[in-house]
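J.: A predicted structure for the sequence below; I have some questions about it.
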Amino acid sequence: MAEIVRRPRPRFAVAAVDIDDTLVGPDGVISAANAAALTRLVAEGTLVVLASGRSHANMLPFHRALGLPHGPIISSQGAVVQESDSGEVRFSRAISPRLTGIEGPGSTMKASRTAPRKASGERPARSFTIRL
């Protein structure tokens with residue numbers, strides 16, 4: 001009879017991690033401490049999912065650099081979920097620009113992606129370290 005091996009439950013089932021100003025600091029680099037924390041989570045059996053406003057293609061280098069197992073990547077402010085290995089779209093929710101009032105007949109607004117800025121025009125420097 002085959003022996004059943006039970007793994008202890010991980011401390012966290014899922015860890016959804018933002019990229020900008022969370023995983024990656026102002027220098028655009030993943031800190032060694034953050035990489036080690038995520039490696040530890042994966043080793044414990046936690047599903048580590050990158051989640052960002054970035055596009056899927058822009059997130060893949062971070063996924064690969066961390067050596068994360070194949071799995072979902074949440075991109076485009078949560079509007080798209082795609083598999084890291086195949087690119088298969090598991091979820092997609094697009095909103096028509098006409099429904100947002102940003103574009104269309106009579107609209108004076110234009111689509112813009114701007115982050116809050118300091119008076120000098122620079123983005124504020126923020127950096128976080130993932131602590132377990």
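T.: Now that the structure is in, tell me what you want to look at. Numbering: from 1, shown residues only.

J.: only C-alpha atoms for contact and neighbour calcs from this point on.
T.: Will do.

J.: any idea whether A16 is helix, strand or coil?
T.: strand (DSSP: H, G, I helix; E, B strand; the rest coil).

J.: can you count the residues close to it?
T.: Using other Cα atoms under 10 Å, A16 has 13 other residues around it.

J.: check the secondary structure at the closest residue in space to it that isn't next to it in sequence for me.
T.: Sequence neighbours aside, V49 is the residue nearest to A16 in space, at 4.7 Å (criterion: Cα to Cα, 6 or more residues apart in numbering). For V49, the assignment made with three-state DSSP gives strand.

J.: V49 is in contact with V14, isn't it?
T.: Yes: the pair V49 / V14 is scored as a contact, 7.3 Å apart, by Cα atoms under 8 Å.

J.: buried stuff in the longest helix belonging to the chain?
T.: The longest helix of the chain (DSSP state H) is helix 32-43. In terms of neighbour count (16 or more other Cα atoms under 10 Å), helix 32-43 has its buried residues at N34, A35, A37, L38, T39, L41, V42.

J.: do I have it right that the second one meets L68?
T.: So that's A35. No: taking contacts as Cα under 8 Å, A35 lies outside contact range of L68: 10.1 Å.

J.: would you map the strands across the protein?
T.: Taking DSSP state E, the strands of the chain run over residues 14-17, 47-50, 72-75, 80-83, 89-92.

J.: now render the ones you listed as TSV, adding mean pLDDT and distance to L99.
T.: Converted to TSV, these look like this (pLDDT from 0 to 100; distance: least, Cα to Cα, whole Å):
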stretch	mean pLDDT	distance to L99
strand 14-17	96	29
strand 47-50	98	28
strand 72-75	97	21
strand 80-83	96	18
strand 89-92	94	17
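
J.: quick one, what contacts the most centrally placed residue in the chain?
T.: Centroid check for the chain by Cα atoms, centre = their mean gives A51 as the closest residue, at 2.0 Å. Neighbouring residues of A51 by Cα atoms under 8 Å, 6 or more residues apart in numbering: A16, V17, D18, I19, I73, I74, S75, Q77, G78.

J.: all set, thanks.
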